[in-house]
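Asks: Quick one: sequence plus predicted model below, questions after.
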Protein chains: 2
Amino acid sequence: MSRASIKDVAKLAGVSIATVSRCVNEPHRVRPGTRERVQTAINETGYSPNTLAQSFRRGKTHVIMVVLPSVGDPFFTAVMRGIRDVASDKGYSLLISETQFNTMTADEIGSMVVSRQADGIVLLASLSPFGTRVLSATSHRALPMVIGCETITDELASCPGVHIDNFAAAREATSYLQGLGHERIAFIFGEHKTLLTRDRENGYREAMTRANQVIDSGWVVEGRLTIEGAIAATGKLLAHPKRPTAIFCANDEMAMGCLHALKSAGLRVPEDISVVGFDDNRYAKITDPPLTTVAQPARHIGERVMQRLLYEIENGRSKDAEPEIVPHELIIRDSAAAPPKH
Amino acid sequence: MSRASIKDVAKLAGVSIATVSRCVNEPHRVRPGTRERVQTAINETGYSPNTLAQSFRRGKTHVIMVVLPSVGDPFFTAVMRGIRDVASDKGYSLLISETQFNTMTADEIGSMVVSRQADGIVLLASLSPFGTRVLSATSHRALPMVIGCETITDELASCPGVHIDNFAAAREATSYLQGLGHERIAFIFGEHKTLLTRDRENGYREAMTRANQVIDSGWVVEGRLTIEGAIAATGKLLAHPKRPTAIFCANDEMAMGCLHALKSAGLRVPEDISVVGFDDNRYAKITDPPLTTVAQPARHIGERVMQRLLYEIENGRSKDAEPEIVPHELIIRDSAAAPPKH
DNA sequence: TAACAGTTTGTAAACGTTTACAATCTTACA
DNA sequence: TGTAAGATTGTAAACGTTTACAAACTGTTA
């Protein structure tokens, strides 16, 4: 026996399907008497509207697609919490899709967007891998899209975004290490293709040149944003002839790997070597030692991104897409101290 | 200008819409000549089928709903990777929904299921909070559902599942500690309402009684599966007059909090006190000291769960729903050792 | 060439809603 | 009581597909 449809309710209540529809969607437009009759019919049949039919008819799915590098990264899950909170508050569900390690290709993402699986898309990843294609495929439809955490590539000048000032934040973190007395500061970056990583690296470089420090090319290594990548990177750093006295990691996940590699090598943090992370994810306060790191308001970013997306969805694409810069903060814990005097 | 529909293609190619539909869905049933003509029309118009209309017509969304306690837990994200891999391989997307901390209530989940937002549901959470309602609302439709990690409540006897033998695993971990010489072993559990937690607790209790150890009631405390919960729980344990010499945590997330609390209290692990976790999440090998823990094949569980769900979706609900037990393994690292001799 | 089988195509209904428009019913007021 | 205005309801079309069925072809065989 199949589900009750609007017809069944209409028949049972002795009204037309239009009236049933109105009872559900705009009850004030139907007389209290009939409204009651319909309501009992609804209860009796156990009717609930077929969402598929509704989506189809209204051309709206109430689904938001979230594209992010990795669901595993605690920072991104925090952002997602923010997104989810405002989304589910407004009746939207989240369709998530990982770019990294993902079998889903650019084409698939693009086609999903084009074929209207979702009402909008929030990008927490850099666009480079598939930006152009999606855009070209969908540009004439102007699907609502907002970018979070990452900065905007030029192809996409009109896409609103919300993120911290990665450049300034990285510069400050580096300056902090310099203030502690460090001169040999290394930087473990994520992946060069993302702008975010480049902004942070540029902030680091800026601080170094401002302090008249020359950066040994062996001090800047790739950590692929993963624990394993960071462990390997730290290995390289320790093997370097001019071994750095401090390591600045482009995210906390890598800082955790770095910490581990350092201790495995028999070094004490921060007595022998200092480490600074980025994100202030929820493990940062319980690493050993607790991690000095740049805090991003992850949840807040998620909320704002989603709010802006909903605004776009409801009011059409905004032309004035100035990014929203949210504040960051250097959280000083115990993983960075003055360099050892030799 | 709106998207091209099947009609536009048909007109351009000079065929009926039925032929276009066939070209897309079963090309072998249309003559090569016309097939070509239609194809060029498709290319020219940039046509791609409207997924909403398809879903509506076919009564199938190609969306799977995943219900889990917390997207933030690395163990669950690993399971989700497995789920995602086979899902996206078969053309399914994932709609995720967190139970814990979630604004989405049982009713909402139930109605979402009932209203056919998804073709099936994979449960990684215990059912108790909302099981009955969903079931009563949807039982007559028998929506495909598979449960992972958790065990099955009796209301749901026919729901297939895949999980490890939590009872045996917890018993073994406890025995391992006993073998090391521990007698005062504490247990930090998650939440009593989940069966999973109770299975693990029962395994622990079984091992203790087998070894003729009596469990002090103050040794079994709740950690809510979170870092903070575990820190608080560890505090209680340390304040206990008969302080335990080993702590067995029901998941690694809590073990990490426990480790932190122990070190904050000035204790050395494992010299002063031993810790054993559960899950072998990706941080377990880089905690300090690396965590001895029970490994679950997270990704594999995810894959199997999804495969079984797809089977149910395609072939209808199976009556013989015997759960699939996957192997666990005690991973011995450095967080547990012999108790200190006093 | 006629008849037949098989292949290819078209016609039209159906899926469950929403909604413009028309029709009917109320109510208030002259 | 009659009429107009407003409130309430019904009718029917539309959304973009898929698909059962019928119609029109094609080629083969007698």
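Replies: Done, it's in.
Asks: Quick check: residues of chain A near DNA strand C?
Replies: A:2-3, A:5-7, A:17-18, A:21-22, A:24-25, A:47, A:49-50, A:53-54, A:56-58 (Cβ under 7 Å from any atom of the strand). All C-beta spots, glycine's among them, are computed from the backbone N, C-alpha and C.
Asks: so is residue A:64 in a helix, a strand, or just coil?
Replies: strand (DSSP: H, G, I helix; E, B strand; the rest coil).
Asks: list the contacts for it?
Replies: Counting by Cβ atoms under 8 Å, 6 or more residues apart in numbering or on different chains, residue A:64 touches A:83, A:87, A:92-95, A:118-122, A:306, A:309.
Asks: Enumerate the beta-bridge partners assigned to it.
Replies: When bridges are called by DSSP bridges, residue A:64 pairs up with residue A:94, residue A:120.
Asks: Against residue A:317, how distant is it?
Replies: Residue A:64 is 15 Å from residue A:317, where distance means Cβ to Cβ, to the nearest Å.
Asks: Can you find which helix in chain A contains the most residues?
Replies: If you go by DSSP state H, chain A has its longest helix at helix A:298-315.
Asks: send the alpha carbons of it over as CSV?
Replies: The C-alpha coordinates for helix A:298-315 follow below in CSV (Å, rounded to 0.1, in the frame of the first residue of the first chain):
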residue,chain,number,x,y,z
ALA,A,298,35.5,28.6,12.8
ARG,A,299,32.0,28.3,13.9
HIS,A,300,31.3,31.9,13.3
ILE,A,301,32.8,31.7,9.8
GLY,A,302,30.5,28.9,9.1
GLU,A,303,27.5,30.8,10.3
ARG,A,304,28.3,33.9,8.3
VAL,A,305,29.0,32.0,5.2
MET,A,306,25.7,30.2,5.4
GLN,A,307,23.8,33.4,6.2
ARG,A,308,25.3,35.2,3.2
LEU,A,309,24.5,32.2,1.0
LEU,A,310,20.9,32.2,2.1
TYR,A,311,20.7,35.9,1.4
GLU,A,312,22.0,35.3,-2.1
ILE,A,313,19.5,32.5,-2.6
GLU,A,314,16.6,34.6,-1.5
ASN,A,315,17.5,37.9,-3.0
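Asks: That helix: which residues count as buried?
Replies: For helix A:298-315, burial by neighbour count (16 or more other Cβ atoms under 10 Å in any protein chain shown) applies to A:298-299, A:301-310, A:312-313.
Asks: Pipe those residues into JSON lines and attach distance to chain B per row.
Replies: Output for the buried residues of helix A:298-315, formatted as JSON lines (distance: Cβ to the nearest Cβ, whole Å):
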{"residue": "A:298", "distance to chain B": "11"}
{"residue": "A:299", "distance to chain B": "11"}
{"residue": "A:301", "distance to chain B": "16"}
{"residue": "A:302", "distance to chain B": "12"}
{"residue": "A:303", "distance to chain B": "13"}
{"residue": "A:304", "distance to chain B": "18"}
{"residue": "A:305", "distance to chain B": "17"}
{"residue": "A:306", "distance to chain B": "13"}
{"residue": "A:307", "distance to chain B": "15"}
{"residue": "A:308", "distance to chain B": "20"}
{"residue": "A:309", "distance to chain B": "17"}
{"residue": "A:310", "distance to chain B": "16"}
{"residue": "A:312", "distance to chain B": "19"}
{"residue": "A:313", "distance to chain B": "16"}
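Asks: Report the two of these separated the most.
Replies: A:298 and A:313 (22.7 Å; Cβ to Cβ).
Asks: all helices of the stretch 201-342 of chain A, in order?
Replies: A:227-239, A:252-264, A:298-315 (DSSP state H, counting those that start in this stretch).
Asks: Dump the ones you listed to a markdown table, plus distance to residue A:208 and mean pLDDT.
Replies: Formatted as a markdown table, the helices of the stretch 201-342 of chain A follow (distance: least, Cβ to Cβ, whole Å; pLDDT from 0 to 100):
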| stretch | distance to residue A:208 | mean pLDDT |
| --- | --- | --- |
| helix A:227-239 | 16 | 97 |
| helix A:252-264 | 19 | 97 |
| helix A:298-315 | 27 | 94 |
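Asks: pLDDT below threshold where in the stretch 1-150 of chain A?
Replies: Flagging of the stretch 1-150 of chain A using pLDDT under 70 yields the residue ranges A:1-2, A:100-116, A:126-142.
Asks: Please repeat the previous calculation with a cut-off of 50.
Replies: A:101-105, A:128-140 (pLDDT under 50).
Asks: Name the residues of it found near DNA strand D, please.
Replies: Going by Cβ under 7 Å from any atom of the strand, the residues of the stretch 1-150 of chain A near DNA strand D are A:14-19, A:22, A:28-31, A:33-35, A:56-57.
Asks: and those residues, which are buried?
Replies: Among those, those buried by neighbour count (16+ other Cβ under 10 Å) are A:15, A:19, A:22, A:30, A:34, A:35, A:56.
Asks: wait, the first one sits on residue A:36?
Replies: No. Counting by Cβ atoms under 8 Å, residue A:15 does not reach residue A:36; the two are 11.5 Å apart.
Asks: Farthest pair within the buried ones among the residues of the stretch 1-150 of chain A next to DNA strand D?
Replies: Taking Cβ to Cβ as the measure, those have their most distant pair in A:34 and A:56, spaced 27.1 Å apart.
Asks: Next to chain B, which bits of the stretch 151-300 of chain A? Give me the list.
Replies: Residues of the stretch 151-300 of chain A found near chain B (Cβ under 8 Å from any Cβ of the partner chain) are A:227, A:256, A:257, A:259, A:260, A:263, A:282, A:283, A:286, A:288.
Asks: Now do the contacts for the fifth one.
Replies: Shown in contact with residue A:260 (Cβ under 8 Å, 6+ apart): A:227, A:231, B:286, B:288.
Asks: how many other residues sit next to residue A:340?
Replies: As a burial measure, residue A:340 scores 13 neighbours (other Cβ atoms under 10 Å in any protein chain shown).
Asks: ignore the last one, residue A:317
Replies: Residue A:317 has 14 nearby residues by other Cβ under 10 Å.
Asks: That one and DNA strand D: what is the separation?
Replies: 20 Å (Cβ to the nearest atom of the strand, to the nearest Å).
Asks: Would you mind measuring from residue A:170 to DNA strand D?
Replies: Look at residue A:170 and DNA strand D: by Cβ to the nearest atom of the strand, they are 47 Å apart.
Asks: nope, residue A:220 is what I meant
Replies: 50 Å.
Asks: which residues pair with the nearest residue to that residue once chain neighbours are set aside across the strands?
Replies: Among residues not flanking residue A:220 along the chain, residue A:187 sits closest, at 4.9 Å (Cβ to Cβ, 6 or more residues apart in numbering or on different chains). Per DSSP bridges, the residues bridged to residue A:187 are residue A:220, residue A:248.
Asks: returning to that earlier point: could you dump the contacts of residue A:64 to a markdown table with distance to residue B:78?
Replies: Shown next, in a markdown table, are the contacts of residue A:64 (distance: Cβ to Cβ, whole Å):
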| residue | distance to residue B:78 |
| --- | --- |
| A:83 | 21 |
| A:87 | 24 |
| A:92 | 26 |
| A:93 | 23 |
| A:94 | 19 |
| A:95 | 20 |
| A:118 | 26 |
| A:119 | 30 |
| A:120 | 29 |
| A:121 | 25 |
| A:122 | 24 |
| A:306 | 26 |
| A:309 | 29 |
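Asks: Check the gap between the residue nearest the centre of chain A and residue B:223 for me.
Replies: Centroid-nearest residue in chain A, with Cα atoms, centre = their mean: residue A:124, separated by 3.7 Å. Per Cβ to Cβ, residue A:124 is found 30 Å from residue B:223.
Asks: for the helix or strand harbouring residue A:7, which positions count as buried?
Replies: Per DSSP states H and E, residue A:7 falls inside helix A:6-13. By neighbour count with 16+ other Cβ under 10 Å, helix A:6-13 contains the buried residues A:6, A:8, A:9, A:10, A:12, A:13.
Asks: show me where the stretch 51-200 of chain A has helices.
Replies: Going by DSSP H, counting those that start in this stretch, the stretch 51-200 of chain A shows helices at A:51-58, A:74-89, A:106-114, A:131-138, A:166-180, A:195-210.
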